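[1] Okay, predicted coordinates and the sequence, questions at the end:
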Amino acid sequence: MSSFVISESVAPSIAAAPSESREAKHEYAHIGALTVLAAVLANVLVYFLGDLVIRYDPEFLVLGNASGVAIFTFTAAVVAVLVYAGLLRYTANPVRNFGIISAIVFVVTAIPDITYIPSQPGASNAQTALLLLTHLTAAGVIVGMLTTLVRPSQAR
């Protein structure tokens with residue numbers, strides 16, 4: 001079992017040593033929840049700003065309302081928080097591994113946006129680009145927050 005520390009900008013170095021494990025897990029859960037919330041809020045903001053610029057076509061159900069964007073972002077963010085927790089615990093280089101996994105997930109989730117979404121009723125290139133921007137926004141917030149605020153400890 002590896003240990004990890006919460007970034008000193010968030011809390012004093014809390015190692016997941018046996019005596020401090022509960023506190024570290026609680027702190028990680030707190031940071032994970034903040035990460036999920038930040039990703040959802042960032043994407044909802046992108047959604048509304050995008051509507052101001054692009055004006056979504058009502059026929060394009062993918063961007064029919066902000067709740068769809070929020071739900072998909074929430075789900076992806078929760079999974080990412082859980083994956084990073086597992087990497088922190090079981091891998092020697094969780095930050096690098098999480099970066100690689102995140103890049104692969106981004107590419108895989110972009111494939112339907114590029115291939116399938118443009119064929120949907122009401123779809124436009126601008127709306128497709130905005131949908132890709134929501135993926136990029138979520139990835140940036142999630143990877144940025146988790147890998148900055150929660151780092152593996154130097155001592156194992």
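    The structure has been received and is ready for your questions.
[2] Please count neighbours and contacts with C-alpha atoms only from this point.
    Noted.
[3] quick one: average pLDDT of the longest helix belonging to the chain?
    Across the chain, the helix with the greatest residue count (assigned by DSSP state H) is helix 21-54. Here helix 21-54 scores 93 as its mean pLDDT.
[4] What is the subsequent helix or strand relative to it?
    Per DSSP states H and E, the first helix or strand lying C-terminal to helix 21-54 is helix 66-90.
[5] For the helix or strand that that following helix is followed by, which residues meet the burial criterion?
    Next along the chain after helix 66-90, taking DSSP H and E as the criterion, comes helix 94-115. For helix 94-115, burial by neighbour count (16 or more other CA atoms under 10 Å) applies to 94-95, 98-99, 102, 106, 110, 113.
[6] Just the C-alphas of helix 94-115, formatted as PDB.
    C-alpha atoms of helix 94-115 as PDB (Å, rounded to 0.1, in the frame of the first residue of the first chain):
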ATOM      1  CA  PRO A  94       0.100   7.600  -9.900                       C
ATOM      2  CA  VAL A  95       0.400  11.200 -11.400                       C
ATOM      3  CA  ARG A  96       1.900   9.900 -14.600                       C
ATOM      4  CA  ASN A  97      -0.500   7.000 -14.900                       C
ATOM      5  CA  PHE A  98      -3.500   9.200 -14.300                       C
ATOM      6  CA  GLY A  99      -2.300  11.600 -17.000                       C
ATOM      7  CA  ILE A 100      -1.900   8.700 -19.400                       C
ATOM      8  CA  ILE A 101      -5.300   7.200 -18.500                       C
ATOM      9  CA  SER A 102      -6.900  10.700 -18.800                       C
ATOM     10  CA  ALA A 103      -5.500  11.300 -22.200                       C
ATOM     11  CA  ILE A 104      -6.700   7.900 -23.500                       C
ATOM     12  CA  VAL A 105     -10.200   8.500 -22.000                       C
ATOM     13  CA  PHE A 106     -10.300  12.000 -23.600                       C
ATOM     14  CA  VAL A 107      -9.500  10.600 -27.000                       C
ATOM     15  CA  VAL A 108     -12.000   7.700 -26.700                       C
ATOM     16  CA  THR A 109     -14.800  10.000 -25.600                       C
ATOM     17  CA  ALA A 110     -14.000  12.400 -28.400                       C
ATOM     18  CA  ILE A 111     -14.400   9.800 -31.100                       C
ATOM     19  CA  PRO A 112     -18.300   9.700 -31.000                       C
ATOM     20  CA  ASP A 113     -18.300  13.500 -30.800                       C
ATOM     21  CA  ILE A 114     -16.400  13.700 -34.100                       C
ATOM     22  CA  THR A 115     -17.900  10.700 -35.900                       C
END
